[in-house]
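Colleague: Here is my input, please return the structure:
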Amino acid sequence: MEKQIRLGDCRIPATVLDAVVVGSGAAGYNAADWLYDLGCRDIALITDGIQRGTSRNTGSDKQTYYKLSLAGDAPDSVGAMAQELFDGEGVDGDIALAEAAGSVRSFIKLANLGVPFPTNRYGEYVGYRTDHEQRGRATSAGPLTSKYMTECLERAVRQKKIRVDSPRMAVQLLTEGNEVQGLICLDLDRLDNEACGLCAYLAPYVILCTGGPAGVYEDRVYPESQVGMSGMALEAGAVAANLQEWQYGLASTKFRWNVSGSYQQVLPSYRVRTQEGMEKEFLPDYFSSAEAALGAVFRKGYEWPFSIGRVSASSRVDVAVYHETCVRGGRVFLDYRTDPAGLNGPFSRLEKEAYDYLSNSQALVPGPLERLLRMNRPAVELYRAHGIDLSLDPLEIRVCAQHCNGGLAVDASWQTSVQGLYAAGEAAGTFGVHRPGGSALNSTQVGSMRAAEAVALRLRAARFDAQAAMRQAQEQLAVCMGRLRNAFCGKTGSRDGGVRLRRQAQREMSRWAAQIRDIEGMRGLSEWLQVRLNGFFAENGVQSPQELPELLRNRDILLTQYAVLSAMITSAERVGSRGSALVRSREGEPGAGLDGRLADYAYKPQAAGFAGQKLVTELREAAVSRFEPVRPLPGRGGWFETVWKEYRERQGGFSL
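Modeller: Prediction:
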């Protein structure tokens, strides 16, 4: 239903719907598709750009989808998968069980939609082992798995003629008390109208599928187009969980891509170009021998994320790269044109695991590039398609943020602490300290399906007071319009939309609050951010209405950074180094350490007693973080007759 909200002489378009999905990635399209299939037709998907999201623009050597085993005779079960997810520390048990229980249903839907997951000649979806799991549940459609998922789901949504509004940028959630009433957006095609492009969507249910907080860091794998909008939900009162838990790893910078898997297993040479212009292979200097460095590089292929538990082994590579780039100011490259030190003799000098892997892959040949071509030619062609020829030029890399394991806290239906507001995909905080590789893709599908199911059930019983929502929206729209008009009509402050402010904050986050964390540095940055946020609209403006979206994105990034720092500081002080974080120890503080060239990296050891707790964060007058016990794993299965009865009651009954 199309309506208008009057503000003075302005008439702002307002669309009344049953539910709104925000985001056009794998989670967003799946949420809209499930809503339609469950009978919800008065819905819309809104996005600031169909092509912008992380799902469509990222991948890796062999982008993994993690699901229940569907091949062979090795035993597996929903309970076993749930336990493995729950063992990630800081994970709620009901979410772990739901993600395990929904994995096959979600995976088969994707396969039926056309995602080319490989099978053997008998139709089994054969798997392989991935990070933090032992049962070989992983599968892949190649380096672009999430892109294929998004495209297939988009095609399903288009075929059903589900409303897709683009380009619309969500900028503020509409709430009454602790209930969502819809959201305020900018129509990016109409920014120069008298209302600054403002429009409203009024609905009792909103499913946020806006991706992770991609704009937090300078060094990141996320595509440039992806920034996330976590701050919008935090400002509306949604509680976050485990914002301190991230995945960091080695990635190329010119074309943002994880250099995991075979990019490492073919054993490229690590080279540094110093500030003085000198270039040399450097990695053997950080290990006891060139052969030890080679072993760490090989394991980096399947131990790609930085981990404090591997900091003396494969993750030592990450610390060495960080030291050469962030501390010494050099530029680090992977060189696939020449063999590294340690391979100047027979391959039999390699560790047995590396030797057997290369032998089984028929890649015991000179030269990293030739080995990569034999093992994974598409990995070479991928870079060539983006203007990078690995046979001609070395590949510049840094340690980059790749995924936030935390996000908005949700229940087993993926509802946030704000009633009617759901979050799925990386926007939802369903993981803890570590997770199986590829489980994030499973979570996009299960979480969005669970949210859609919950919305569909509640729509049957609830009535939405659209008139009350319009009155509430009018008040919040008036405040929003005032801010936007002042941003480009005012005379004070910076006129770059906060771009320099955002870049400074991103650079400082990568310096103090990434895989290497410094408590004093994080405290100082947090205080600086709080001051900048308090005066944001007074101190930042734009030259034209077309720059307003960037202004609001930049503020959202700063809000998110502020919340993330609260969680990181609390975790660093109480827990120490854990998961993806090496927390530097201060003078006189007990700590563990590295040796050799990395001897300065003394770090706080992990404190005991936090495995069963999650860290929640709220934005009030200031960001506040605290530990809470996780919800335990529910009892699995159940007596069929009882479950069937509960199911009928939950569905509102049915008749044949």
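
Colleague: quick one: the helices in the stretch 401-550 of the chain?
Modeller: Along the stretch 401-550 of the chain, counting by DSSP state H, counting those that start in this stretch, helices occupy 439-461, 466-489, 499-512, 519-534, 536-539, 548-574.

Colleague: Residue 253: which of those is closest?
Modeller: helix 499-512 (12.1 Å; CB to CB). Bear in mind the C-beta positions are built from the backbone N, C-alpha and C, glycine included.

Colleague: now the helices of the stretch 401-550 of the chain as TSV including mean neighbour count?
Modeller: Below are the helices of the stretch 401-550 of the chain laid out as TSV (neighbours: other CB atoms under 10 Å):
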stretch	mean neighbour count
helix 439-461	24
helix 466-489	17
helix 499-512	19
helix 519-534	16
helix 536-539	16
helix 548-574	23
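
Colleague: what's the least confident stretch among the ones you listed?
Modeller: Sorting those by mean pLDDT places helix 466-489 lowest, at a mean of 88.

Colleague: With respect to residue 279, which of the helices of the stretch 401-550 of the chain lies nearest?
Modeller: By CB to CB (comparing all of those), the closest turns out to be helix 499-512, at 23.6 Å.

Colleague: distance between that closest one and the chain's centre?
Modeller: 19 Å (CA atoms, centre = their mean, to the nearest Å).

Colleague: Now do it against helix 519-534, angle only.
Modeller: 160 degrees (axes from the mean of the first three to the mean of the last three CA atoms, to 10 degrees).

Colleague: Let me see the residues that make contact with helix 499-512.
Modeller: Helix 499-512 is contacted by residues 215-219, 326, 401, 494, 518, 521-522, 524-525, 528-529, 532, 540, 550, 554, 557-558, 561, 564-565 when judged by CB atoms under 8 Å, 6 or more residues apart in numbering.

Colleague: One more pass at 7 Å, please.
Modeller: Residues outside helix 499-512 that contact it (CB atoms under 7 Å, 6 or more residues apart in numbering) are 216-219, 326, 494, 518, 521-522, 525, 529, 532, 540, 550, 554, 557-558, 561.

Colleague: Repeat that for stretch 525-541.
Modeller: So stretch 525-541 is contacted by 483, 486-488, 490, 492-495, 497-498, 501, 505, 508, 512-513, 551, 555, 558-559, 561-562, 565-566, 569, 622 (CB under 7 Å, 6+ apart).

Colleague: so how far is that stretch off the chain centroid?
Modeller: 25 Å.

Colleague: first vs last residue of it, how far apart are they?
Modeller: End-to-end span of stretch 525-541 (CA to CA, to the nearest Å): 22 Å.

Colleague: Ok, stretch 62-72 next?
Modeller: 21 Å.

Colleague: Report the mean per-residue pLDDT for that stretch.
Modeller: The model assigns stretch 62-72 a mean pLDDT of 93.

Colleague: likewise stretch 344-354?
Modeller: Mean predicted confidence for stretch 344-354 is 88.

Colleague: in which helix or strand would I find residue 44?
Modeller: Using DSSP states H and E, residue 44 maps to strand 43-46.

Colleague: Can you give me the buried ones in that strand?
Modeller: Residues of strand 43-46 classed as buried: 43, 44, 45, 46 (neighbour count, 16 or more other CB atoms under 10 Å).

Colleague: how close does the first one sit to residue 201?
Modeller: The spacing between residue 43 and residue 201, counted by CB to CB, to the nearest Å, is 10 Å.

Colleague: If I follow the layout properly, residue 495 ends up in contact with residue 547?
Modeller: No: assessed by CB atoms under 7 Å, residue 495 is found out of contact with residue 547, at 8.8 Å.

Colleague: the more surrounded of those two?
Modeller: The residue with more neighbours, out of residue 495 and residue 547, is residue 547; 18 against 15, by other CB atoms under 10 Å.

Colleague: Can you give me the distance of the more buried one to residue 125?
Modeller: 48 Å.

Colleague: what about residue 462, how many neighbours?
Modeller: 12.

Colleague: Not counting its neighbours along the chain, what's nearest it?
Modeller: residue 204 (6.3 Å; CB to CB, 6 or more residues apart in numbering).

Colleague: what ranges do the strands span in the stretch 151-300 of the chain?
Modeller: 163-165, 168-176, 179-187, 198-202, 205-208, 240-241, 246-252, 257-258, 269-273, 279-281 (DSSP state E, counting those that start in this stretch).

Colleague: If you count neighbours, what's buried in stretch 166-182?
Modeller: In terms of neighbour count (16+ other CB under 10 Å), stretch 166-182 has its buried residues at 166-175, 180-182.

Colleague: And that stretch, end to end?
Modeller: 17 Å.

Colleague: Please state the offset of that stretch from the chain centre?
Modeller: Taking mean C-alpha positions (CA atoms, centre = their mean), stretch 166-182 and its chain are 22 Å apart.

Colleague: Please apply the same query to stretch 167-185.
Modeller: The answer for stretch 167-185 is 22 Å, by CA atoms, centre = their mean.

Colleague: ok, residues contacting that stretch?
Modeller: Here stretch 167-185 has contacts from 20, 22, 46-49, 186-189, 198-203, 206, 229, 232-233, 236-237, 418-421, 469, 472-473, 476-477, 480, 549, 552, using CB under 7 Å, 6+ apart.

Colleague: For ChimeraX, what selects the buried ones among the residues you listed?
Modeller: A single ChimeraX command is used to select the members of the contacts of stretch 167-185 judged buried by 16+ other CB under 10 Å:
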select :20,22,46,47,48,186,187,188,198,199,200,201,202,203,206,229,232,233,236,237,418,420,421,469,472,473,476,477,480,549,552
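
Colleague: Which residues are in contact with the closest residue to residue 182 other than its chain neighbours?
Modeller: Excluding the flanking residues, the one nearest residue 182 by CB to CB, 6+ apart is residue 202, at 4.0 Å. Applying CB under 7 Å, 6+ apart, we find residue 202 in contact with 14, 15, 16, 181, 182, 466, 469, 470, 473.

Colleague: Out of those, which is nearest to residue 135?
Modeller: residue 182 (43.2 Å).

Colleague: Return the set of residues that bridge with that closest one.
Modeller: Under DSSP bridges, the beta-bridge partners of residue 182 are residue 174, residue 202.

Colleague: Can you tell me how far it is from residue 44?
Modeller: In terms of CB to CB, residue 182 sits 11 Å off from residue 44.
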